[in-house]
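Undergrad: show me how the following folds:
(chains A, B, C and D)
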Number of protein chains: 2
Amino acid sequence: MASVFEIIAEPNRRAILGLLASSHQSVGEIERRLRMPQPTVSKHLRVLREAGFVESTVDAQRRLYSLRADSLQEIDAWLAPFRRLWSKHLDALERHLDLSDPGHPGHPGARRDPSPPSHQPSRRKTRRTK
Amino acid sequence: MASVFEIIAEPNRRAILGLLASSHQSVGEIERRLRMPQPTVSKHLRVLREAGFVESTVDAQRRLYSLRADSLQEIDAWLAPFRRLWSKHLDALERHLDLSDPGHPGHPGARRDPSPPSHQPSRRKTRRTK
DNA sequence: CTTGTTTATGCATTGACGGGTATATACGTG
DNA sequence: CACGTATATACCCGTCAATGCATAAACAAG
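TA: Numbers count the residues shown, from 1 in each chain, chains lettered A, B, ... in the order given. The predicted model follows:
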């Protein structure tokens, strides 16, 4: 289980990560919420832990698992070269939206998936001083 | 081969995507550049094509493969909820860089080796359960 | 110490994926 | 038509990861 990408290829693991994104949880909580057998949860948590995605703190018999902040940055970094491929598409789309929709969403046509234009996280120095 | 994440879990496929990120290539080009046997290339291209990552145009016997712009947005979208987890780390880092490097409009290289301060969780020993 | 709870681990099984080899298909050229 | 090139596909096989089941290990409480 080498690469970061193989780790997140597993749907259950992504579910666990998504759950831990909001708040740290115990194994039993994850087991209940995701409706998966406990050994499965523990095994996936082991993979995630050894890959550095999560860390656990001990609370009596419980283990509280929490997300490690920097774990997914590698994927984000790998994605970077490809961003400019769709950025111009998005720019055009956003420009279009800005022009034709000054008040409220609700566009006729032109929707495909529920992925709203998720901006880069507030990127200071957006694009100036080239 | 269902999910987007399983597609990019394969190193060879990521290599092909990386190659196509710069410019579209024929199968033979990919074969030569990545030093992998031709059936392997074709099979991976098939997976990528059926998943919507690449598209091919016919040029005589050649097939020119090119990257589809929107294919990787799903990953980017999935990554979004986790960004705020490391964004504050990055903010601190960038603030530090801004202080230590004044007068330069753009950071050269930006981040390359992300070793943010390890967040040591407080060893709290909660009991009082049940 | 015994019991109940919570989590981890050690099996065996299964199924999917990637690699390799050979071959088929399509196209251009002589 | 025959031939070489370029790409796709079919088949077999080894490997590895995910699952289910059973059980161990750690801990609290009575």
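Undergrad: residues making contact with stretch A:41-51?
TA: With contact meaning C-beta atoms under 8 Å, 6 or more residues apart in numbering or on different chains, stretch A:41-51 is reached by A:1, A:4, A:7, A:10, A:12-13, A:16-17, A:27, A:30-31, A:34, A:54-56, A:65, A:71. For the C-beta atoms, the positions are set from N, CA and C on the backbone; glycine is no exception.
Undergrad: show me those that map onto strands.
TA: A:54-56, A:65 (DSSP state E).
Undergrad: what about DNA strand D: which of the residues you listed touch it?
TA: Of the residues in the ones in strands among the contacts of stretch A:41-51, proximity to DNA strand D by C-beta under 7 Å from any atom of the strand holds for none.
Undergrad: ranges for the helices of chain A?
TA: Ranges of helices within chain A are A:4-7, A:11-22, A:27-34, A:38-50, A:73-100, based on DSSP state H.
Undergrad: which parts of stretch A:22-34 are buried?
TA: Neighbour-count burial for stretch A:22-34 flags A:24-25, A:27, A:29-31, A:34 (criterion: 16 or more other C-beta atoms under 10 Å in any protein chain shown).
Undergrad: now pLDDT too, for the residues you listed, in a markdown table please.
TA: Below are the buried residues of stretch A:22-34 laid out as a markdown table (pLDDT from 0 to 100):
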| residue | pLDDT |
| --- | --- |
| A:24 | 93 |
| A:25 | 94 |
| A:27 | 97 |
| A:29 | 96 |
| A:30 | 97 |
| A:31 | 97 |
| A:34 | 96 |
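Undergrad: intersect these with the contacts of DNA strand C.
TA: With C-beta under 7 Å from any atom of the strand as the criterion, those include A:27, A:31 near DNA strand C.
Undergrad: wait, what's in contact with residue A:78?
TA: Neighbouring residues of residue A:78 by C-beta under 8 Å, 6+ apart: A:5, B:14.
Undergrad: mind checking how far it is from DNA strand D?
TA: For residue A:78, the distance to DNA strand D (C-beta to the nearest atom of the strand, to the nearest Å) stands at 19 Å.
Undergrad: repeat that for residue A:83.
TA: 27 Å.
Undergrad: same check on residue A:87?
TA: Noted for residue A:87: a distance of 28 Å to DNA strand D, by C-beta to the nearest atom of the strand.
Undergrad: tally of neighbours for that residue?
TA: 12 (other C-beta atoms under 10 Å in any protein chain shown).
Undergrad: circling back to that earlier point, distance to residue B:79 for the helices of chain A - can I get that in CSV?
TA: Converted to CSV, those look like this (distance: least, C-beta to C-beta, whole Å):
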stretch, distance to residue B:79
helix A:4-7, 12
helix A:11-22, 10
helix A:27-34, 20
helix A:38-50, 16
helix A:73-100, 6
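Undergrad: leaving out sequence neighbours, find the closest residue to residue A:30.
TA: In this structure, residue A:30 finds its nearest non-sequential neighbour in residue A:41, 5.2 Å apart by C-beta to C-beta, 6 or more residues apart in numbering or on different chains.
Undergrad: let me redo that: residue A:55
TA: Closest residue to residue A:55 apart from its sequence neighbours, by C-beta to C-beta, 6+ apart: residue A:68 at 5.6 Å.
Undergrad: what sits against that neighbour?
TA: A:52-55 are the contacts of residue A:68 under C-beta under 8 Å, 6+ apart.
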